[in-house]
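1. Structure for the following, please:
(chains A and B)
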Amino acid sequence: MLTIERGRWLALAVVGAGAVALPYMVDSFYVNMATQALYLGLFALSINLIAGYGGMVTLGQAGISGIAGYTLGIAATQFGMSLGPALVVGFLATIVVAVVFGALAVRTGDVYFLMITLAQGMIIWGIAQRWTTVTGGDNGLRGIDRPGFALEYWKYYYFTLGVVAVCTLLVTLITRSTFGLSLKGIRESEGRMRPLGYNVTLHKFWAFTIAGAVAAIAGLLLAMFNQFVSPAAVHVKASADGLLMSILGGMGTIAGAFVGSSLFVVVTNYVSGYFDRWPTLLGLIFVLTILFAQDGIVGAWNRLVWAPLLRRRGRELEAERTVVGVGGPLARGQPVPASTSNVDRGGERAPVPVGGSPASNAIEDKVDREA
Amino acid sequence: MLRIHDLHSSYGLAEVLSGISMEVPDGTLVAVMGRNGMGKTTLCRSIMGLAPPVVSGGEIECNGTALGGLPAYRRAQLGIGYVPQGRHVFTSLNVVENLTVAARSEENGNEPWDLDRVWELFPRLAERKTHRAGQLSGGEQQMLAIARALMTNPGLLVMDEPSEGLAPVLVETLAERLHDLKSSALSILLVEQNLSLALRLADVVYVVENGGIVFHGTPAELDGSEEIKRRHLGVGV
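-> Numbers count the residues shown, from 1 in each chain, chains lettered A, B, ... in the order given. The predicted model follows:
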């Protein structure tokens, strides 16, 4: 029997099988598009972790992600490090920057957080643009290698797929842990989390740092894919693109980041070949999403398809329970006895038994529910 | 358990609490009563360290530890559970998540709280485990707010008008649950407007008027004093 839970696993298996089979089905152009969708999806996921789960909307994530790419590029080209150590240095440098930026940013919230992260991203961009002796300025840095075992396009695709799958699994585990739950609580209300014993600022800081680590991986994958980094990769537009993907796909969902990045890559790489006004199309999709599905594509799917299925399934389960006589409030939906209604209409104060009859129980419950 | 001495608290220039002193002995239920705007919620927020208000003077001590200047999360870690006025559950999380997010093990000699113990106390919540808190009725949300505070394994529970907005029959259920809690060695500070609820449950009652204590005694003494009830609680007018 196909239950909903099994259906979910089946869908994941189909997507996984499709991703593995992709290079056997299409040519390099599409495989490279898929590679981009993967590392951009991971980048969007890092934004989603702090914006969608933690409620902190950032416009500086590309700056953090770009630190990884630039450090890798500088270590490889200026210091002649081999790829392995250069990757480690790139990753660690990004963590250090995320820790510093996080410590500054998490003390604020809402629009102030947005402005501080925007400024932080622009600082990185400014350094990339102006410190030409180290960063190559506008020309960027060339000569970043791919791993020896993943030189060809399809091998690099599999490499990216593997890395992204592992990272996504880790992020999924984090979001389902108590820490992930505490982030959702913080998103809903910081003020409610503090009296429960949560050091909210510290939790936000950890979320920012973890998101920085995820963005670092995405930045390294991007740099090795292009074998090149340039200021465009750390520009605020790159941050905004990531945020856009995250919102399009669905904030606060794992799949949303990849749905959003896939749509973004298809429009920018494929549709743009046939249609000059593709930025307008992208804008239109974004506007329609905000107007009709603020919870994004995955959110709308959950709301319109998944939740009704679950509800129907839930009703079936409840019906089963009621048949065997467990649960289900007494007398719900029974006609209201006349005597009780008289009291409600403010007639003579007829003595009502303290504690209420089952029928009045149901009424009070209903009144309370509507309140 | 809790000792408050000469507490002053204000919002901006307006002083709301002007010299409150009170005590919650171990394992007792102390009720604080008073009409709207007399400073009851301000008292709760001051104990919890939530801003606003600003505490401008006086001392609050929990189990001998001075709370002055400690942030709210530290006070919670010291064993104060808080049930805010208006419930304020996490509406986007389901019942289990609301409880899990609050769960913290604390060695305080009391029997520790876990999900099973919560289901035992509030069977209604067990039936609604996977429902989002936003979908619960007001009564259920109140139960959840109390259960969430219990999951932090507090030694002292500060409750701000738990009966507010509840239908009489649910207030009755609430009273029974509070009675259960009271017999479990938990100390409770109950801020209430519902006189009969407070009279039934409390060991000691304080009445607040304009930021000061105007009455302090047993429920029987309060019940016997028509003057206090009429003037400060607006009963029987």
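2. Low-confidence ranges, the stretch 1-150 of chain A, go.
-> By pLDDT under 70, the low-scoring segments of the stretch 1-150 of chain A are A:1-4.
3. Quick check, pLDDT for the residue of the stretch 51-200 of chain A found nearest chain B.
-> For the stretch 51-200 of chain A and chain B, the shortest gap (C-beta to the nearest C-beta) falls at A:Gly197, measuring 3.5 Å. All C-beta spots, glycine's among them, are computed from the backbone N, C-alpha and C. Note on A:Gly197: pLDDT of 92.
4. Over to B:Val237?
-> For B:Val237, pLDDT reads 48.
5. Would you check that the residue of the stretch 51-200 of chain A closest to chain B makes contact with B:Asn153?
-> No - using C-beta atoms under 8 Å, A:Gly197 is not in contact with B:Asn153; the gap is 9.8 Å.
6. Spell out which parts of chain B neighbour chain A.
-> B:48, B:50, B:71-73, B:75-77, B:82, B:84, B:88, B:90-93, B:97, B:100-104, B:127, B:130, B:137-139, B:148-149, B:152, B:165-170, B:172 (C-beta under 8 Å from any C-beta of the partner chain).
7. ranges for the helices of chain B?
-> Per DSSP state H, chain B carries helices over the ranges B:40-48, B:72-77, B:95-102, B:115-121, B:123-127, B:138-150, B:168-182, B:195-201, B:219-224, B:226-233.
8. What's the mean pLDDT across the third one?
-> In other words, helix B:95-102. pLDDT averaged over helix B:95-102 gives 94.
9. do the same with the last one
-> Per-residue confidence for helix B:226-233 averages out to 84 on the pLDDT scale.
10. what sits up against it?
-> With C-beta atoms under 8 Å, 6 or more residues apart in numbering or on different chains as the test, helix B:226-233 has contacts from B:33-35, B:195, B:207, B:209, B:214-215, B:222-223, B:235-237.
11. quick one: which of these has the most company?
-> Among these, the one with the most neighbours (other C-beta atoms under 10 Å in any protein chain shown) is B:Met33, at 27 neighbours.
12. Pick out the residue closest to the middle of chain B.
-> B:Met159 (1.3 Å; C-alpha atoms, centre = their mean).
13. Please name the residues that touch the closest residue to that one other than its chain neighbours.
-> Excluding its sequence neighbours, the residue lying closest to B:Met159 (C-beta to C-beta, 6 or more residues apart in numbering or on different chains) is B:Val83, at 4.3 Å. When contacts are counted by C-beta under 8 Å, 6+ apart, B:Val83 touches B:145-146, B:148-149, B:157-160, B:162.
14. can you redo the residues you listed as CSV with distance to A:Tyr39?
-> Converted to CSV, the contacts of B:Val83 look like this (distance: C-beta to C-beta, whole Å):
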residue, distance to A:Tyr39
B:Ala145, 43
B:Ile146, 47
B:Arg148, 40
B:Ala149, 44
B:Leu157, 50
B:Val158, 49
B:Met159, 51
B:Asp160, 49
B:Pro162, 51
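15. what comes up buried for stretch B:170-187?
-> B:170-175, B:177-178, B:181-182, B:186-187 (16 or more other C-beta atoms under 10 Å in any protein chain shown).
16. closest to chain A among the contacts of helix B:226-233?
-> Using C-beta to the nearest C-beta, the contacts of helix B:226-233 come closest to chain A at B:Leu195, 15.6 Å.
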